[in-house]
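> sequence plus the predicted model coming up.
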Amino acid sequence: MARLVMKFGGTSVGDIERIRNVAAHVKREVDAGHQVAVVVSAMSGETNRLVGLTRDVSPLHDAREYDVVVSAGEQISVGLLALALQDVGVAARSWLGWQIKVETSDVHGAARILDIHADGLEAQLEEGRVAVIAGFQGISSAGRITTLGRGGSDTSAVAIAAALKADRCDIYTDVDGVYTTDPRVVSQATKLARISYEEMLEMASLGAKVLQTRSVELAMAHNVRLQVRSSFDAADSAFPEDGIVGTLICNEDEIMEQEIVSGIAYAPNEAKVTLLQVADKPGVAAEIFGPLADAAVNVDMIVQNMSADGKTTDVTFTVSSDELERALAVIEGLKGKVEFANLQAVPEMAKISVVGVGMRSHAGVAQKMFKELAEKGINIHVISTSEIKVSVLIDSDYAELAVRALHAAYGLDDETIDT
Ligand code: ADP
Ligand code: ASP
Ligand code: MG
């Protein structure tokens with residue numbers, strides 16, 4: 001007997017038929033004698049609809065009320081799944097974040113899980129009943145409902161798995177594993193049997209939304225055996241004994257043949273901001289980026305260059321497109337405190353990243369990227385690197401072309417697929 005956490009995302013619970021299919025997957029594991037906690041997202045499209053409603057009422061909304069609204073989708077799906085399970089003879093009840101309770105920080109809209117009081121869940125599992133848990137939501141110390149950021153149900157699932165000391169956490173979604181790049185962008189993307197926590201962390205944070213970044217961080221910290229697999233597989237298929245059919249996210253030393261490059265990640269909605277002719281003196285960077293941090297604007301890439309006049313510097317940084325307006329308002333507010341001649345913003349940029357732990361020991365990965373993009377006539381605006389990734393910022397019109405070209409150049413294309 002094992003203890004399993006099974007997480008189902010939005011498309012996997014998209015309508016009543018899909019919810020019944022989830023119930024069949026859960027029943028399979030219960031019938032095999034396992035203890036099961038299920039974590040679910042809102043039905044697909046529902047969270048976007050709720051976000052839209054809050055924006056329609058008030059663009060500069062109170063984040064506490066935003067969380068009350070956008071967390072509501074999960075309340076519906078847990079109730080429906082508990083009913084569908086009962087309907088097929090599986091004892092189940094629903095749990096909302098506050099009922100468990102999933103204690104979080106009070107950063108509404110992007111809260112972090114601080115603690116999970118899992119006693120109630122544990123008692124229920126021991127009685128052989130299924131706990132159906134609302135993902136994405138928690139409660140702050142002030143007793144207010146919080147949410148964990150978009151895609152946060154993955155993080156709920158991993159945190160629950162860690163709290164329950166589960167043997168495995170299976171993330172069921174609409175693809176059958178983690179691929180070398182988004183299979184919806186590159187049809188020749190190859191499914192990975194395994195990927196290291198570290199590479200998955202980079203892939204997720206650089207745009208591969210198949211797992212929320214924080215969920216990978218938590219899995220790595222708590223050694224949660226994490227798998228991405230498909231909810232579209234027939235629920236009654238004969239799966240292998242260890243239950244690994246998708247992609248296992250694991251420690252590097254569990255991977256036998258490590259490629260130099262494991263994948264290409266792609267973040268489509270980036271914006272570039274440049275302050276021209278900034279006074280070249282100590283403390284200026286802190287004066288610019290301090291207020292941005294205070295306004296909770298997430299700055300990603302940063303470069304500083306000598307200006308054309310040779311006396312001042314140009315400072316360029318990137319933020320996600322949704323945060324551009326807020327970033328520009330902060331910079332406008334700096335006028336008078338920070339000297340600069342001009343402010344430029346380019347909203348439609350994309351960040352393309354090449355990821356692989358093999359880069360630590362192999363030179364030339366970045367060079368190949370630059371050469372390939374040059375051959376396609378794609379201009380690079382900003383470059384940033386870490387030990388296991390190289391990222392470039394390019395015009396978003398070229399993003400898909402760049403991803404396809406790089407995927408082929410690093411030998412990641414699945415040769416068995418005809419295009
Ligand atoms: P869910 O609703 O189940 O949480 P998401 O839409 O959040 O599902 O994540 C699954 C999607 O992630 C896939 O449909 C796929 O388009 C996208 N994706 C992006 N990069 C990758 C990748 N490298 N491997 C697999 N899927 C990816
Ligand atoms: N329903 C939430 C969202 O759409 C959480 C999730 O799906 O993981 O972001
Ligand atoms: Mg998701």
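Good, I have the coordinates. Ligands and ions are numbered 1, 2, ... in the order given.

> gap between the residue lying closest to residue 412 once chain neighbours are set aside and ligand 1?
Using C-beta to C-beta, 6 or more residues apart in numbering and skipping the chain neighbours, the partner closest in space to residue 412 is residue 180 (4.2 Å). C-beta here means a position set from N, CA and C on the backbone, and glycine is covered the same way. The gap separating residue 180 from ligand 1 is 7 Å, by C-beta to the nearest ligand atom, to the nearest Å.

> what is the neighbour count of residue 180?
For residue 180, the count of nearby residues is 25 (other C-beta atoms under 10 Å).

> for it, what are its contacts?
Counting by C-beta atoms under 8 Å, 6 or more residues apart in numbering, residue 180 touches 186, 189-190, 192, 262-264, 407, 412.

> among those residues, which lie within strands?
Counting by DSSP state E, the contacts of residue 180 place 263-264 in strands.

> which of the contacts of residue 180 sits closest to ligand 1?
Closest to ligand 1 out of those is residue 263 (5.8 Å), distances taken as C-beta to the nearest ligand atom.

> find me the pLDDT at the closest one, would you?
pLDDT for residue 263: 97.

> chain neighbours aside, what residue packs nearest to the residue in the chain that ligand 3 sits nearest to?
For the chain, the residue closest to ligand 3 is residue 151, as judged by C-beta to the ion, at 4.1 Å. Spatially, and ignoring its direct neighbours in sequence, residue 151 is nearest to residue 212 (4.0 Å; C-beta to C-beta, 6+ apart).

> again with residue 269
Closest residue in space to residue 269, ignoring its immediate chain neighbours: residue 321 at 4.1 Å, by C-beta to C-beta, 6+ apart.

> measure residue 350 to residue 119 for me?
Per C-beta to C-beta, to the nearest Å, residue 350 is found 46 Å from residue 119.

> just the element for the residue nearest to residue 113 when sequence neighbours are not counted, please.
Nearest non-adjacent residue to residue 113, counting by C-beta to C-beta, 6+ apart: residue 159, 4.7 Å away. Secondary structure assignment for residue 159, by DSSP states H and E: helix 153-163.

> helices or strands up against the lowest-mean-pLDDT helix or strand in the chain?
Of all helical and strand segments in the chain, the minimum by mean pLDDT, DSSP states H and E falls on strand 302-306, at a mean of 91. Helices and strands touching strand 302-306, by 3 or more C-beta pairs under 8 Å, 6 or more residues apart in numbering; DSSP states H and E, are strand 313-320.

> any idea how far the strand it packs on is from the chain center?
Distance of strand 313-320 from its chain centroid, counting by C-alpha atoms, centre = their mean, to the nearest Å, is 24 Å.

> okay, angle between that strand and strand 302-306 too, please.
Counting by axes from the mean of the first three to the mean of the last three C-alpha atoms, to 10 degrees, strand 313-320 points 160 degrees away from the direction of strand 302-306.

> quickly run through the sheet partners of strand 313-320, with directions.
Neighbouring strands of strand 313-320 in its sheet, by DSSP bridges, are strand 263-278 (antiparallel), strand 302-306 (antiparallel).
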